[in-house]
Structure formats: C-alpha cells, structure tokens
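Enquirer: got a sequence here, can you build the structure:
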Amino acid sequence: VLKNFATDVDNLVLRAFLGPNVRFTGQAKTEGGSLPIYDERTQEVVWTVGRVPANRGILSPSYEAIFQIELTPAINQSGNTPVLVGETQAAFMDAFTGENRVEGDTEVTTQLPDDRTIGPNDGRVAQ
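Expert: Numbers count the residues shown, from 1 in each chain. As a prediction, the model looks like this:
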C-alpha cells in the first residue's frame, strides 16, 4: 500500500528481492501504476508507479500492488521465520525540490508484521 503525504512525487519505482526458496506465481494486480514485474534471473520484483500526487492515500485512495508468491522452505529454515520479500527500496524525485531520493521499508517475513492475526510465534517453519 502506497501513500504520499507532503509533495508530489515523480518517477517512483519500488524494488524488492524475494527471499530464498520463494517463487513468484505470476499473479499480480495493481491500483495505480503498472503491474509489478518479476525478473526470474535476479528474483527482483519491480513496481513502476510514476507520478504520485500529494495526499494520495489521505484525501484519495491509496495506490496498491498485490502479487502472489509461494515459499517451499528448506530444512535449514525449520524453526525460523523466513524472509518472503526483502527490504523494499523506493526511488523517486520530489517534484517540489527536484531532489532525487531513495527510501526503504523493512523486509517481510512469514511472521507477516502487518497482519494483526499472526501471533508472536506464528509463521515459524515446522518440520
């Protein structure tokens, strides 16, 4: 989910690498920008959004990209919460200042930090 607060943003591109043993299924949809594209060779997902006006997600609906992945855990991931999607990098230009910026967001593990239904010990790989 993408929100923008203060100023217009141009040329926004979000990038993230899938974790070990994670596969992109090819299913994707978006509300704003192009569909996320997956590079099988590098395991990188790229979402090209382009222009995002100020207050998007505040005064108007957020932009959102959804893509389906699957994890086949390895034996060495047993008892752990594997990374599904690595740290997301957002590269963009602030349209007010003209400054190019890069911001990041944390990785997503099988603990699914944004899912309130997942408890502290849920999401661990079991044998």
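Enquirer: number of residues surrounding S78?
Expert: Residues within reach of S78, counting by other Cβ atoms under 10 Å, total 12. Bear in mind the C-beta positions are built from the backbone N, C-alpha and C, glycine included.
Enquirer: do the same with V9
Expert: Per other Cβ under 10 Å, the neighbour tally for V9 reads 23.
Enquirer: that one bridge partners, please.
Expert: Legend: beta-bridge partners of V9 under DSSP bridges are V52, D94.
Enquirer: just give the closest residue to F67, not the sequence neighbours.
Expert: The shortest distance from F67 to any non-neighbouring residue, by Cβ to Cβ, 6 or more residues apart in numbering, is to A28 (4.1 Å).
Enquirer: surely that neighbour and S34 touch.
Expert: No. Look at A28 against S34 with Cβ atoms under 8 Å: they stay out of range, at 9.9 Å.
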